[in-house]
Structure formats: C-alpha cells, structure tokens
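S.K.: I'd like to go over a predicted model; first the sequence, then the structure.
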Amino acid sequence: MKAVVITGAGSGIGAVCARRLDADGYGIVLSGRRRELLDEVATDLEHAVVVPGDVTDPDHGAALAEAARSSFGGLDAVVLNAGVGNSAAAADDSLEGWERTIGINLTGAFLVARACLPLLVERRGALVGISSNSALRASPDDASYSTSKAGLSM
C-alpha cells in the first residue's frame, strides 16, 4: 500500500488532502497539534494513523517516519502543510512572533522532510510543500509569513 504523511492534517488543506489520498488508496499518517481534530479526520478514512505532535519538535518527524514504516511498510509522499498565517510588518513583529512563524512554516517542514527522506528515497517518493502566493509577492504586513513561504517554495 502506498503511504503519505500529512502535516497540519486536522483541518483545512491538510484534511482535504487526507480525504483525497485516502480515496486513492493511500495509507495516511495524520500529523497535527490537536489530537481531537486528527481523530475526527481519521474517522472518515479507511487506513489512517494519528500521530499528534508539533513539527517544531525534532523527534516528531522521526515519529511520523516510524509510523509510516511500521503501519504501511514505507513512505511514498510527504505533504508539508503545517503552518500558521499570523504575521506582521517587519518593524512591528516581535522576535517571538517571527521565530514562531518561521519555526512552524519553514523549520518544521525541514525537520519532517529530513526525518522522512530515507523512506522516501527507498520508494522514490515525493515531498510536497504547501506554500502560498505570498512566497512570490509579499504584503507589507506579512514579513515572517512571506519569508517562510518563500523559503518553503525554494
């Protein structure tokens, strides 16, 4: 069975990706910070494993890779969807706000991708980063968000 890890899978784009890939016969590893939302999405899926956690935790990526290996024998794709959109103009953003947005949207994607790469290489799998038009055209009030999405797109 083909398998996919989806971060930010408890709502929005991540939940839609999970339902679509489940319909295509994939085993789904659902990642997100809110277990109750992940469990709700999982009830609609035929083959799903819920692994709650924070993508900024370096151990979470390893847990996702292990869940894919132990539940589905490997990994064919990772959808890097976890993200936050709250941001501010560079002159108005706090260091904590900047670091939170960059941490979740960019560093979190790196940590999950790095942990999953060995399994993806085995099956010639794919990394899919969910970015935004803000990666190409920043608005004045979204410095950290635009920067994080530009980095993810690169």
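M.R.: Yep, it's here.
S.K.: buried set for the lowest-mean-pLDDT helix or strand in the chain?
M.R.: Least confident element among the helices and strands of the chain, by mean pLDDT, DSSP states H and E: helix 143-153 (a mean of 92). For helix 143-153, burial by neighbour count (16 or more other C-beta atoms under 10 Å) applies to Ala143, Ser144, Tyr145, Ser146, Thr147, Ser148, Lys149, Ala150, Gly151, Leu152. Bear in mind the C-beta positions are built from the backbone N, C-alpha and C, glycine included.
S.K.: So which of these is the closest to Ile6?
M.R.: Leu152 (15.2 Å; C-beta to C-beta).
S.K.: Specify the local secondary structure of the residue located most distally from the centre of the chain.
M.R.: Farthest-out residue of the chain from its mean C-alpha position, per C-alpha atoms, centre = their mean: Ala91, at 28.5 Å. Here Ala91 is recorded as coil under DSSP: H, G, I helix; E, B strand; the rest coil.
S.K.: Quick check: pLDDT value at it.
M.R.: On pLDDT, Ala91 comes in at 82.
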